[in-house]
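Student: predicted structure and sequence below. I'll ask about it afterward.
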Amino acid sequence: MAGLTDNDPLIAGVELGGTKCIATLARGRTILHQSRWPTQGPETLDHIAAALDRWHAQTPFAAIGIGSFGPLCLDRANGHFGHMENTPKPGWAGVDVHGHFARRFAVPVGIDTDVTGAALAEGVWGASTGCAVHAYATIGTGVGLGIVMDGKAVHGRLHPEAGHMRIRRTPGDGFSGACPAHGDCLEGLVGGPALAARAGRALADVPDDDSIWQRVAAELGEWVAMLILCLSPQRLVIGGGVLDHRPALLGRVRGAVADNLGGYLAGLDLAALQSLVVPPALGRDAGPLGAIVIGQSALRQARP
């Protein structure tokens, strides 16, 4: 295939999302095979591993990268490394996601959050190339944030969980929020299930001029402004299912960001935000390719 070289190792990627899971086989950014499953219980991992088994038997891959919904334990010094933490997704809390694949395949296995994987992929092949500090936010079933500095994912005690930050409520909004832990944190207001509950109908049936989108733009605009003030990113990519289906929402978010910044940051007006706050250049492949980048990193770390 065009673009392939002998220097590109064959990598298997596993993206575990809130509603769907995608397994990918790729050389570099060139996707060779892909399979999808709805995200159900942890048995979904068995279906994915079986697909990887078939691929590995036909054309052995060099490593596996996993980009998963969270929260995850990513501290290798912790005996719980690679396990799912206190996720509200039924049946998944405590599941050993990393070990499920590491025990089955004799290749290096890397793991990170799905949104961090997307951030890494956009930095290597997409909208954030050439940026030392950049981030990827996903607005989908949940709200996540991946931060990359100098080509490396930012982790501390945990990975970033900025989707659970609280922001000011818009006047007159009485929605109590849908997050089981925090109620009206950002995810509890603008995540897919929260929006459906807030609108009282399927999001596909909500017109673009409905007032709910004004509230969502205001909430996301305040959140993005805080991220800019805290991280000073050179690029902030916003993806996920909500914006996939409402691309016009991004323009409203930029306007709300400018309002929240209030001209404080020199040179960062609405025009400048057009190139700072952007959609993913990799489109819906950002997540699957993110898992490939995680696998590439695991392979590099395993080599002497």
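Tutor: Looks like it came in fine. Keep in mind it's a predicted model, so treat the numbers as computed, not measured.

Student: from here on, contacts and neighbour counts on C-alpha atoms
Tutor: Noted.

Student: now name the helix or strand holding the residue nearest in space to the middle of the chain.
Tutor: The centroid of the chain falls nearest to Val115 when counting by Cα atoms, centre = their mean (1.9 Å). Using DSSP states H and E, Val115 sits in helix 114-125.

Student: other SSEs contacting that helix?
Tutor: Using 3 or more Cα pairs under 8 Å, 6 or more residues apart in numbering; DSSP states H and E as the contact criterion, the elements in contact with helix 114-125 are strand 63-68, strand 133-139, strand 143-149, strand 152-153, helix 286-302.

Student: buried stuff in the second one?
Tutor: Of the residues in strand 133-139, 133-139 count as buried by neighbour count, 16 or more other Cα atoms under 10 Å.

Student: swap in stretch 66-77?
Tutor: 66-74.

Student: just the residues you listed now: which is nearest Ala281?
Tutor: Of all the buried residues of stretch 66-77, Ala281 sits closest to Gly67, with 18.5 Å by Cα to Cα.

Student: for the closest one, give me its contacts.
Tutor: The neighbours of Gly67, taking Cα atoms under 8 Å, 6 or more residues apart in numbering as the test, are 13-16, 111-117, 287-288, 290-291, 294.

Student: returning to that earlier point: ranking the helices and strands packed on helix 114-125 by burial, who's on top?
Tutor: strand 63-68 (a mean of 29; mean count of other Cα atoms under 10 Å).

Student: paired strands for it, with orientation please.
Tutor: strand 10-16 (parallel), strand 109-113 (parallel) (DSSP bridges).

Student: so which of the ones you listed is the most surrounded?
Tutor: Highest mean neighbour count among the strands paired with strand 63-68 (mean count of other Cα under 10 Å): strand 10-16, a mean of 29.

Student: circling back: output the helices and strands packed on helix 114-125 in a markdown table; the columns should cover distance to Pro90.
Tutor: Listed next are the helices and strands packed on helix 114-125 as a markdown table, based on distance: least, Cα to Cα, whole Å:
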| stretch | distance to Pro90 |
| --- | --- |
| strand 63-68 | 15 |
| strand 133-139 | 21 |
| strand 143-149 | 18 |
| strand 152-153 | 28 |
| helix 286-302 | 22 |
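
Student: tell me what whichever helix in the chain runs longest is packed against?
Tutor: Ranked by residue count and defined by DSSP state H, the top helix of the chain is helix 211-231. For helix 211-231, the packing partners by 3+ Cα pairs under 8 Å, 6+ apart come out as helix 186-190, helix 249-261.

Student: not counting the longest one itself, show me its contacts.
Tutor: With Cα under 8 Å, 6+ apart as the contact definition, helix 249-261 has outside contacts at 213-214, 217-218, 220-222, 224-225, 243, 268-270, 273-274, 277-279.

Student: give me the nearest residue to Gly295, chain neighbours excluded.
Tutor: Gly65 (3.5 Å; Cα to Cα, 6 or more residues apart in numbering).

Student: and the one you found, how far from Ala256?
Tutor: 36 Å (Cα to Cα, to the nearest Å).

Student: and the residue lying closest to His83 once chain neighbours are set aside, how far from Pro42?
Tutor: Excluding its sequence neighbours, the residue lying closest to His83 (Cα to Cα, 6+ apart) is Asp96, at 4.1 Å. Asp96 sits 9 Å away from Pro42, going by Cα to Cα.

Student: give me the more crowded residue out of these two.
Tutor: Asp96 (19 against 15; other Cα atoms under 10 Å).

Student: doesn't Glu85 make contact with that one?
Tutor: No. Asp96 is not in contact with Glu85 according to Cα atoms under 8 Å; the separation is 9.5 Å.

Student: partners of the residue nearest to Gly295 in the sheet?
Tutor: According to DSSP bridges, the residues that bridge with Gly65 are Gly13, Gly110.

Student: can you name the residues that contact the spatially closest residue to Ala121 that is not a sequence neighbour?
Tutor: Spatial nearest neighbour of Ala121, chain neighbours left out: Gly290 (4.7 Å); criterion: Cα to Cα, 6+ apart. Contact analysis of Gly290 by Cα under 8 Å, 6+ apart lists 13, 67, 114, 116-122.

Student: sweet, I'm off.
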